[in-house]
Every structure is written in structure tokens, then in C-alpha cells.
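S.K.: No letters, just coordinates:
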Ligand SMILES: [Fe+2]
């Protein structure tokens, strides 16, 4: 079990806290419960230790520094592609915020390549992996790019556009899932997307992008079942 790592606080935490508070859902009353976000595999492209299907040239490493802004790197280069903000809350099934939860994301870069596949060579400006910790309202924020879908293994795997998430609440099982995009045509051919048949849950996972000050913003709220939230309902 990894202890939460204190993330570097960037300007994003300040500016987006105000911006995203507009989008924050209303608090639940005591009698309501939320369906937990479905758990999905972290897949073979998780940066610190590639797992799953065998990968030629796969590299295992943790990018440094750990930050919630994936659109720039220590080389002071900027990521290619369309920048987006992704933020949301991490709560239990009765809507109580989970404070201090470690949240990680990773996705392909603008060339459709994961960090573990080429070590960032195809876009040195894209961090490929990010980490933050939820604040006192259970809220997290990232700046990244909108990824596209990809095919791997001679078309055996055909994926829609997605961002992988991993959430770690101290003392609880590690949770992984994905965020999708509502307007993505490849959703209908994606086996993970099709597996989520509940319309309300699917709508929560396939986000709509809303422009704020010229940059698209996605809200992705994560609801953790008790085994992942580390506490009973
Ligand atoms: Fe993926």
C-alpha cells in the first residue's frame, strides 16, 4: 500500500477550485445513495509498472515530478493536442467527500502513444501521467489533453477515447476506472463502454465538455463503494 504523496500545488488548484464549484453537484440528503462508479482494469499501460498483455519496449518508471498538469514537462515543453481541464469529486455512496485521496490519471498523447510505449519520445511535452490529492471538499483537478481512441494488437483491442483513473484512499483497496467522452463516435464499438448499461452511470462516465474561458472543461465525479472508500455506509 502506498502512502499518499504530497503533490506540488499549482495555480490550477486555486483557479479551478473557483471555476468548478459552479459544476459541483448538490449534496445528497441522508436517505439517498449513489451507485458506485464501476471498477475497470488499469490495463497494460499504467506507467509505474506495465501489467497485463505483454508489451514490446514497455518501460516501467514513475514520471517526475508528480503533478496535476500533464500539458508541460520539466523540459519546459508544452504538450501537443487540445488541452482540457478534468475535475470532479471523490465521494462515498452517500455523497461524503473523501479527503486526501490520491488520484492518478494517464492517457495516450496527441500521437496516440502511451508514455510506457516510447518513454515520451513522440511528444516530450506531454507528461503522460499525473497525480494529485483530493482537497477538503473531496475535489481533484487535472489539466491534460483530450485523447483519441486507439487500436492495439493488430486490431484485437479497439478502444474509444478515454482517460484512465486510479484512486487510492488510505487503508482501502486501490480503485481504477476510466472517463469517456459523450460525443465520441467510437464509444459504440468499445467493449468497456458497452459493458456499462446503466444510463445514469454511463452518463456520469461519458462526460460532456463545456468551454470555460476558451478551454474545455470536463467534470468526472467518482463514487467509491465501501471497499474502496475505506468506510462503511
Ligand atoms: Fe487505455
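M.R.: Yes, it's here. Predicted model only: the values in this text are computed from it and were never measured.
S.K.: helices or strands up against the lengthiest strand in the chain?
M.R.: Taking DSSP state E as the criterion, the chain has its longest strand at strand 83-92. Using 3 or more C-beta pairs under 8 Å, 6 or more residues apart in numbering; DSSP states H and E, the elements in contact with strand 83-92 are helix 11-20, strand 139-145, strand 215-219, strand 222-224. Placement of C-beta: from N, CA and C, glycine included.
S.K.: Quick one: work out the angle between the helix or strand hosting residue 105 and strand 139-145.
M.R.: For residue 105, the enclosing helix or strand under DSSP states H and E is strand 102-106. Interaxial angle, strand 102-106 versus strand 139-145 (axes from the mean of the first three to the mean of the last three C-alpha atoms, to 10 degrees): 20 degrees.
S.K.: tally of neighbours for residue 102?
M.R.: Residues lying near residue 102 (other C-beta atoms under 10 Å) number 23.
S.K.: Surely it touches residue 172?
M.R.: No. Contact criterion C-beta atoms under 8 Å: residue 102 and residue 172 do not qualify, at 10.9 Å.
S.K.: Would you enumerate the residues in contact with residue 124?
M.R.: Taking C-beta atoms under 8 Å, 6 or more residues apart in numbering, we find residue 124 in contact with 73, 75, 77.
S.K.: low-scoring stretches of the protein, by residue?
M.R.: For the chain, the stretches with pLDDT under 70 are 1-32, 51-57.
S.K.: what ranges do the strands span in it?
M.R.: Using DSSP E, the strands of the chain run over 83-92, 102-106, 129-133, 139-145, 150-152, 157-159, 163-168, 175-181, 206-207, 210-212, 215-219, 222-224.
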